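J.: 3D, please:
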Amino acid sequence: MNLQNQTLSNDRLRRITLVNSVIGISIAGISTRVFMISVPTLATALDTDMLGISWALIIYQMAGIGLGVVCGRLGDIYGHHILYGCGMATMAVGSLLCGLSQNVLQLILFRFVQGVGGAMIQSSGRTLAFRAMPQGSEGRAQGLMAMSHQFGFFVGPPLGGFIIDWIHWRGIFFLLFLPSLVGIALSTITGRAVASPAARTRSIDWRGALLFLGLSILVTMLLDQKIAQVMGTGSQTLLALAFVGMLWSFIAQEKKIQSPMIDLSFFSVPAFGFGSLGLLMCCITQGLTTFVTPFYLQDVLKLSPSFIGLIFLAPSLLSMVLSPVSGALTDRIGARFLLILGVLVLMAAFLIGANLHADSHWILSAILLALTGIGSALFNTPSQAVMVSSLPKEHWGIAIGLINGIFGLGHMLGISLSGIFLTLAFRFYSGDPGTTPDPGDTQVFAASMNVTYLFALGLSVIPLLTSIKMKKISPAA
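T.: Numbers count the residues shown, from 1 in each chain. Model (predicted):
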């Protein structure tokens, strides 16, 4: 038994490890949602537009996508305690620098630093939690981590709204500094995990990691409207060709190397393959809708940031409460029923969004967000628990890294696609082919937002079908 397993077998250190994982995942949730609620204020403060500030969201997701798998691999080899502590330190530095940003370019750069820390925390924190729980409790472990993440979502919006209204927008970044220091201290207490000699002999596919990061960057550039406006059609065509070439190189690299960064055979496992596709599509739909909603609430319905923060409590609270329940039910009855029910609830939320108007009551948006929280809890927890438990334990770190990458890629693509559909619809309804989305034109913006929700509704059919394909697969199997 290696030192990491010996450490986790100790009850006291196992509890500290779980507490530390909860803190880290909560910080990751706060850093995501507190920023989401502040994007209209940040766009004004840093003198940029809606598409420009979206890159501060996208770059954070990009770091998680491109580096999540690498972090999972490094954790499997060198120990997840080490990587987790480094992630907390990186998050602390990145948060401090974001709070000191003077323009949108600096904010984008420092948000990438935050994203690197988030990738380390998400991959290693979740893996440590899974290994600290008894065998057969994968659903509960994922439920605990989902609850922690949703706790960050829960406290982020009202806390962010209060700080913006009463202190300063820079404070939303400074509030993440101290909890990160606590995480570093707890990581020191639990000790550095030392991998077994067999694990240390495994090599890291750095070329595959760089190709994967390059693919993440290229797909983002292809979908981002602001880059498309600057580069023009010809350059976009070259980017598309570069993406195809890099994708071919990545697949060839992963097939020929003995120890690939991403073992493509993982996706031949039905639970992991179907789960990956369903999770990706589900995250895209949520990214499509969550980016545009704060603009609708603040600039169309004229609600204050503080009140918007209170509205955003609904999905976070419901998801936080239901995620552990969903995890426990997954261990008991399997994942299929919960997955199907979760998608249906999300589809109901998107149907409401497709029928919102410029003069709709804010309670409809609150119901929409509440249904989103319920659907996410019912779908995400069993989906990720089944995917992780379908692979051998020695691959759990990289499996969680892949899941985090899928989660981040889905939300990043959702944000980018939201910009595309919102722009195309806004130009159609306004009759101006060169305009960009402007929430100030409330009627046109609301109609354009409806198109985004309709697309999310249609896309939800894919995770519904993959959920049906899951049959009665459960983590215990």
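J.: Not including adjacent chain positions, what is the nearest residue to Met320?
T.: Gln150 (3.8 Å; CB to CB, 6 or more residues apart in numbering). Every C-beta, even on glycine, is put in place using the N, C-alpha and C of the backbone.
J.: who touches that neighbour in this structure?
T.: Gly29, Ser316, Leu317, Ser319, Met320, Ser323, Gly373, Ala377 (CB atoms under 8 Å, 6 or more residues apart in numbering).
J.: Can you tell me the element the closest residue to the first one other than its chain neighbours falls in?
T.: Leaving aside its sequence neighbours, Gly29 sits nearest to Gly152 (CB to CB, 6+ apart; 2.2 Å). For Gly152, the host element (DSSP states H and E) is helix 138-166.
J.: residues of that helix that come out buried?
T.: For helix 138-166, burial by neighbour count (16 or more other CB atoms under 10 Å) applies to 138-164.
J.: Could you look up the next helix or strand downstream of it?
T.: For helix 138-166, the following helix or strand on the C-terminal side (DSSP H and E) is helix 171-174.
J.: Let's test this: mean pLDDT of that next one, rounded?
T.: The predicted model gives helix 171-174 an average pLDDT of 80.
J.: can you start the count at 5 instead of 1 from here on
T.: In the new numbering, first residue 5, that becomes helix 175-178.
J.: And the helix or strand following it, how far out from the chain middle?
T.: Counting by DSSP H and E, the element after helix 175-178 in chain order, helix or strand, is helix 181-194. Centroid separation for helix 181-194 versus its chain: 23 Å, with CA atoms, centre = their mean, to the nearest Å.
J.: Buried ones in helix 181-194, by neighbour count?
T.: Those would be Pro183, Ser184, Val186, Gly187, Ile188, Leu190, Ser191, Thr194, for helix 181-194 by 16+ other CB under 10 Å.
J.: quick one, it and helix 142-170 angle?
T.: 150 degrees (axes from the mean of the first three to the mean of the last three CA atoms, to 10 degrees).
J.: now the contacts of Gln154 as TSV including pLDDT and distance to Leu104?
T.: Formatted as TSV, these follow (pLDDT from 0 to 100; distance: CB to CB, whole Å):
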residue	pLDDT	distance to Leu104
Gly33	75	23
Ser320	74	28
Leu321	80	32
Ser323	79	32
Met324	78	31
Ser327	82	34
Gly377	86	33
Ala381	85	36
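J.: Make TSV out of these and add neighbour count and secondary structure.
T.: Listed next are the contacts of Gln154 as TSV, based on neighbours: other CB atoms under 10 Å; DSSP: H, G, I helix; E, B strand; the rest coil:
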residue	neighbour count	secondary structure
Gly33	25	helix
Ser320	25	helix
Leu321	16	helix
Ser323	27	helix
Met324	23	helix
Ser327	27	helix
Gly377	27	helix
Ala381	28	helix
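J.: Closest one of these to Trp252?
T.: Gly33 (36.2 Å; CB to CB).
J.: quick one: low-confidence parts of the stretch 155-304 of the chain?
T.: 157, 161, 194-208, 224, 227-238 (pLDDT under 70).
J.: All the strands of it, residue numbers only.
T.: For the stretch 155-304 of the chain, strands defined by DSSP state E, counting those that start in this stretch do not occur.
J.: Show the contacting residues for Asp53.
T.: For Asp53, the contacting residues are Ala47, Thr440, by CB under 8 Å, 6+ apart.
J.: can you tell me how far it sits from Phe39?
T.: Note on Asp53: its distance to Phe39, by CB to CB, to the nearest Å, is 17 Å.
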